[in-house]
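S.K.: Sequence first, predicted coordinates after that:
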Amino acid sequence: MASQHHDQAVGHEEGHHEGMTKGRIWRVFFYLLAITALEFFIALVLVHGGVISKGLGVNIVYIALTLLKAYYIVAYFMHLKFETFGFIMSVTIVFLFIIYLIALMLTEGTYLKGHFSPFPFWPNP
Amino acid sequence: MSTTVTQLDKVKTGRWNGGRSPFNVEYGKIMMWFFLTSDAFTFSAFLIYYGTQRFAHLTWPDPDKVFQSIPLIADHGYPLVFVGIMTFILIMSSVTMVLAVEAGHRNAKKEVVGWMVATIIGGLMFIGCQAMEWTHLHHEGFWWGSIPGQEGVSPEVSLAPFFSKEISEVSAQQFANLFFTITGFHGFHVSVGILLNIIVLGMVLANTFERRGSYLMVEKVGLYWHFVDLVWVFVFTFFYLV
């Protein structure tokens, strides 16, 4: 047996990965608070004040800020950023299917919209 | 005799070559993650369906007009304020939860108890706010299968306060059904989270984790709690902002 260096695989030699210190937790909290405040600023000041109008552009900004908040929650609060690469992939890669579902449902929505449009007030008299 | 080892005989020591835990995550925690992934699919399906309906209709209730009350304070005129308070409460309770997890890593029982109590109070406050919001909308006439309206009053009059553009009964009904279903499903998750937090708090107080030597269970219930917060971030965007 050529196993001079058959060291017993040590299970938890990497057990002490970087964690969340108190300072870091509060920093992430303030990021989340700042992003939420920015969303309120856009909604209450810019959109209500008439600087920009509701529509696709501002919705994309909202969704981008939402995904940024989601990233901070999942990566830091749920600690996913500090797990192994394989584990991160095993819980996140399936969300490709969600992107696919969004694409499908937008197609479906376009079809429905086309067929509803002759009846804008349907079924109102 | 040569002491070199052939390529085939060499013992591999990589992460995936056996003898060690490749994910380096405890079993229960992996299962919690997989459950949350599947739960995220449920919520995604709900929200994408909401988006499809909204996209497919020519007109839709204006969230700024539907949600413009602060229960007990003002009946109308303050869009986004109440939901802002709710969002702040939930983010705050997420922070207290992660502080409880952090205290658990240091085996500081007293701090874990304190932060978990704060988390439970935050959860109860959020559920209370949601109950007030539901009550308000219910009084206005929104519910599963019903929209504001009275005998003899045309929908154009009774629905006018909720629309910015044209009025549609179908849109109003779809909005009501989906609002109560999705926020209801989220509220159900919050309620379960509060219950789980109370159970784990009881175990902390009974020194279960002190004897076990690790506060991993606090971490698992924490994952669930953050997930509830995560879902709210999306509900908030798609129901109240967009």
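M.R.: Nice, thanks for sending it over.
S.K.: mind listing what B:Asn207 touches?
M.R.: By Cβ atoms under 8 Å, 6 or more residues apart in numbering or on different chains, B:Asn207 lies in contact with B:Lys109. No exception for glycine: its C-beta is placed from N, CA and C like everyone else's.
S.K.: Tell me how far it lies from chain A.
M.R.: As judged by Cβ to the nearest Cβ, to the nearest Å, B:Asn207 and chain A stand 23 Å apart.
S.K.: all helices for the chain, in order.
M.R.: Using chain A here. Along chain A, the stretches classed as helices by DSSP state H are A:22-40, A:56-72, A:85-92, A:96-116.
S.K.: Let me rephrase: I mean chain B.
M.R.: Secondary structure of chain B by DSSP H: the helices cover B:27-56, B:63-66, B:81-105, B:109-140, B:155-158, B:169-205, B:208-212, B:216-235.
S.K.: where does B:His136 land on pLDDT?
M.R.: B:His136 is assigned 92 on the pLDDT scale.
S.K.: thinking again about what came up before, distance to A:Ser117 and mean neighbour count added to the helices of chain B, as CSV?
M.R.: Formatted as CSV, those follow (distance: least, Cβ to Cβ, whole Å; neighbours: other Cβ atoms under 10 Å in any protein chain shown):
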stretch, distance to A:Ser117, mean neighbour count
helix B:27-56, 10, 17
helix B:63-66, 23, 18
helix B:81-105, 32, 22
helix B:109-140, 29, 18
helix B:155-158, 19, 16
helix B:169-205, 13, 18
helix B:208-212, 60, 13
helix B:216-235, 29, 23
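S.K.: okay, these in CSV with distance to A:Met78 next?
M.R.: Formatted as CSV, those follow (distance: least, Cβ to Cβ, whole Å):
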stretch, distance to A:Met78
helix B:27-56, 8
helix B:63-66, 28
helix B:81-105, 9
helix B:109-140, 15
helix B:155-158, 44
helix B:169-205, 14
helix B:208-212, 20
helix B:216-235, 5
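S.K.: Tell me which of those lies nearest to A:Phe40.
M.R.: Each of those was scored for nearness to A:Phe40 using Cβ to Cβ, and the closest is helix B:81-105 (6.1 Å).
S.K.: That closest one vs helix B:109-140, what angle?
M.R.: 160 degrees (axes from the mean of the first three to the mean of the last three Cα atoms, to 10 degrees).
S.K.: can you count the residues close to residue 73?
M.R.: I'll assume chain A. A:Ile73 sits with 22 neighbouring residues when counted by other Cβ atoms under 10 Å in any protein chain shown.
S.K.: that's the other chain; I wanted chain B
M.R.: Residues near B:Ile73, counting by other Cβ under 10 Å: 9.
S.K.: so how far is chain A from it?
M.R.: B:Ile73 is 17 Å from chain A, where distance means Cβ to the nearest Cβ.
S.K.: what do you get for B:Pro155?
M.R.: 6 Å.
S.K.: Make sure B:Val25 is actually in contact with A:Phe87.
M.R.: Yes: the pair formed by B:Val25 and A:Phe87 meets the contact definition of Cβ atoms under 8 Å, at 5.8 Å.
S.K.: Between those two, which contacts overlap?
M.R.: What both B:Val25 and A:Phe87 touch, as defined by Cβ under 8 Å, 6+ apart, is the set B:Trp33.
S.K.: Which pLDDT value belongs to A:Met1?
M.R.: A:Met1 is assigned 39 on the pLDDT scale.
S.K.: what's the helix or strand of chain B with the lowest mean pLDDT in contact with?
M.R.: The helix or strand of chain B with the lowest confidence, counting by mean pLDDT, DSSP states H and E, is helix B:155-158 at a mean of 82. For helix B:155-158, contacts defined as Cβ under 8 Å, 6+ apart pick out A:Asn124, B:Gly141, B:Ile147, B:Pro148, B:Gly149, B:Gln150, B:Ile167, B:Glu169.
S.K.: Tell me the spacing between B:Met125 and chain A.
M.R.: In this view, B:Met125 and chain A are 17 Å apart by Cβ to the nearest Cβ.
S.K.: Output the below-cut-off pLDDT ranges for the chain.
M.R.: This is for chain A. The model of chain A has pLDDT under 70 over residues A:1-18, A:119-125.
S.K.: Let me rephrase: I mean chain B.
M.R.: Where chain B drops to pLDDT under 70, the residues are B:1-2.
S.K.: For chain A, what's its nearest residue on it.
M.R.: Distance from chain A to each residue of chain B (Cβ to the nearest Cβ) is smallest for B:Gly19, at 3.2 Å.
S.K.: Now for that residue, how many residues are close by?
M.R.: Using other Cβ under 10 Å, B:Gly19 has 13 neighbouring residues.
S.K.: Many thanks, we can stop here.
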